[in-house]
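> Show me the folded form of this:
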Amino acid sequence: MIDVLMEPSESRPIPHIRIQPAGGWAALELRPLWEFRDLLYILALRDVKLRYKQTALGVIWVILQPLVASLIFAVIFGRFAALPSSGIPYLPFVFAGMLPWNLFAGALQRAGNSLISDSRLISKVYFPRMVIPVASSAAVLVDFAVSLLVMVALLIAYQIPLTLNLLFLPALLILTLLISVGVSLIFSALNVYYRDFMYALPFLIQVWMYASPVVYAADLIPASARGLYALNPMVGVIDGFRWSLLGAGEFPALSLGISLVISAIVFIVGALIFQRVEQNFADVV
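Below you'll find the model as predicted:
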């Protein structure tokens with residue numbers, strides 16, 4: 001919000017411009033994100049460079065982490081526990097679930113602590129504070145792109161045919177980002193005032209993963225509980241990714257519809273909460 005104050009003088013009024021966040025529960029305002037898109041790009045690129053700076057393997061870590069985790073899950077849950085995987089080999093089945101989950105968890109983990117990490121930047125110059133967690137979330141897209149190439153390699157190795165379902169993948173990616181940014185805005189804003197969220201976040205991510213069909217099929221959930229289970233917005237996203245990449249099962253219209261509605265609500269609530277409390281960030285952080 002910009003207030004122009006006019007002070008009288010002998011010749012002409014002198015304008016004074018005061019820039020500050022809107023107070024109260026202001027209407028949702030996302031236009032500043034577009035106006036500061038160059039800063040958003042710079043911060044996202046900085047996060048990518050800092051992550052792989054002075055690492056011997058560099059981007060190879062992006063391949064190893066989800067692939068090794070998927071191999072472990074494939075051995076434990078696919079071979080020992082013999083969980084069903086909708087007729088798909090368990091390794092590509094679980095890796096297809098890890099793709100959106102790692103994007104969501106990585107964005108939440110980075111953006112949740114982003115305001116604390118950039119406290120000096122916040123206290124020295126004005127810009128829409130929402131740029132910081134959004135840029136941190138966007139930086140994870142590089143990891144997602146590399147992991148997607150690994151997914152394609154697995155599809156080829158297991159001779160799983162590519163279908164027109166892949167055309168739906170960009171929409172699923174946008175939906176995943178919508179959930180990630182919405183939850184990240186809530187946690188990053190509250191983390192400024194209550195540092196307990198910094199320690200609770202890894203635990204929440206771990207619990208949330210096992211409450212989502214990452215290592216198992218959603219079909220294992222009793223039919224009577226699937227409506228309640230689908231209130232987890234990542235359920236529809238993961239089911240959608242598997243349908244798009246593996247061609248497994250029917251289009252998850254119900255779970256995806258619920259995910260879309262809940263994601264929109266979470267994003268709007270997160271943005272409103274963030275804009276409500278951001279005016280005191282520089283004093284508290």
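> residue contacts, residue 90?
73-74, 77-79, 83 (C-beta atoms under 8 Å, 6 or more residues apart in numbering). C-beta coordinates here come from the backbone N, C-alpha and C atoms, glycine included.
> go again using 6 Å as the cut-off
By C-beta atoms under 6 Å, 6 or more residues apart in numbering, the contact set of residue 90 is 74, 78.
> again with the one 3 residues further on
Taking C-beta under 6 Å, 6+ apart as the contact definition, residue 93 lies against residue 85.
> Would you agree residue 229 is in contact with residue 221?
Yes. The criterion here is C-beta atoms under 6 Å, and residue 229 meets it with residue 221 at 4.9 Å.
> Next up, identify which helix or strand the residue sitting nearest the centre point of the chain is on.
Of all residues in the chain, the one closest to the mean position by C-alpha atoms, centre = their mean is residue 180, 2.6 Å from it. Using DSSP states H and E, residue 180 falls within helix 169-193.
> For the next helix or strand after that helix, buried residues please.
Using DSSP H and E, the helix or strand that directly follows helix 169-193 along the chain is helix 196-210. Within helix 196-210, the residues that count as buried by 16 or more other C-beta atoms under 10 Å are 197, 201, 205, 208-209.
> What of stretch 71-90?
73-74, 77-78, 83, 85, 88-90.
> Residue ranges in the stretch 1-150 of the chain under the pLDDT threshold?
Applying pLDDT under 70 to the stretch 1-150 of the chain picks out residues 1-29, 54-59.
> please redo it, this time with the cut-off set to 80
In the predicted model, the stretch 1-150 of the chain carries pLDDT under 80 at residues 1-34, 48-64, 115-128.
> Helices of that one, start to end?
Applying DSSP state H, counting those that start in this stretch to the stretch 1-150 of the chain gives helices spanning 31-35, 37-52, 60-73, 90-112, 114-117, 119-124, 131-138, 141-157.
> and of the buried residues of stretch 71-90, the nearest to residue 35?
Distance to residue 35 across the buried residues of stretch 71-90 (C-beta to C-beta) is lowest for residue 73, with 43.1 Å.
> Can I get the buried residues of stretch 71-90 in CSV including distance to residue 67?
Compiled in CSV, the buried residues of stretch 71-90 are given as follows (distance: C-beta to C-beta, whole Å):
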residue, distance to residue 67
73, 11
74, 10
77, 16
78, 15
83, 19
85, 17
88, 17
89, 14
90, 14
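> What is the nearest of those residues to residue 147?
Nearest to residue 147 out of the buried residues of stretch 71-90 is residue 73 (C-beta to C-beta; 14.8 Å).
> OK, contacts around the closest one?
So residue 73 contacts 94, 215 (C-beta under 6 Å, 6+ apart).
> Just want to check the distance between it and residue 154.
Remark: distance between residue 73 and residue 154 (C-beta to C-beta, to the nearest Å) = 14 Å.
> Ok, residue 244 next?
To residue 154, residue 244 is 14 Å away according to C-beta to C-beta.
> ok, residue 252 - contacts?
236, 239-240 are the contacts of residue 252 under C-beta under 6 Å, 6+ apart.
> With residue 165 instead?
Applying C-beta under 6 Å, 6+ apart, the residues near residue 165 are 243-244, 247.
> Now render these as JSON lines, adding distance to residue 174 and neighbour count.
Listed next are the contacts of residue 165 as JSON lines, based on distance: C-beta to C-beta, whole Å; neighbours: other C-beta atoms under 10 Å:
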{"residue": "243", "distance to residue 174": "16", "neighbour count": "21"}
{"residue": "244", "distance to residue 174": "13", "neighbour count": "22"}
{"residue": "247", "distance to residue 174": "21", "neighbour count": "16"}
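> Out of the residues you listed, name the ones that lie in helices.
Within those, residues falling in helices by DSSP state H are 243-244.
> Among the contacts of residue 165, which one lies nearest to residue 112?
Nearest to residue 112 among these is residue 244, at 27.7 Å by C-beta to C-beta.
> Settle this for me: the closest one is touching residue 167, isn't it.
No. Judged on C-beta under 6 Å, residue 244 makes no contact with residue 167 at a distance of 8.2 Å.
> still on that earlier bit, now, among the contacts of residue 165, which is nearest to residue 36?
Nearest to residue 36, judged by C-beta to C-beta, of the contacts of residue 165 is residue 244 at 32.6 Å.
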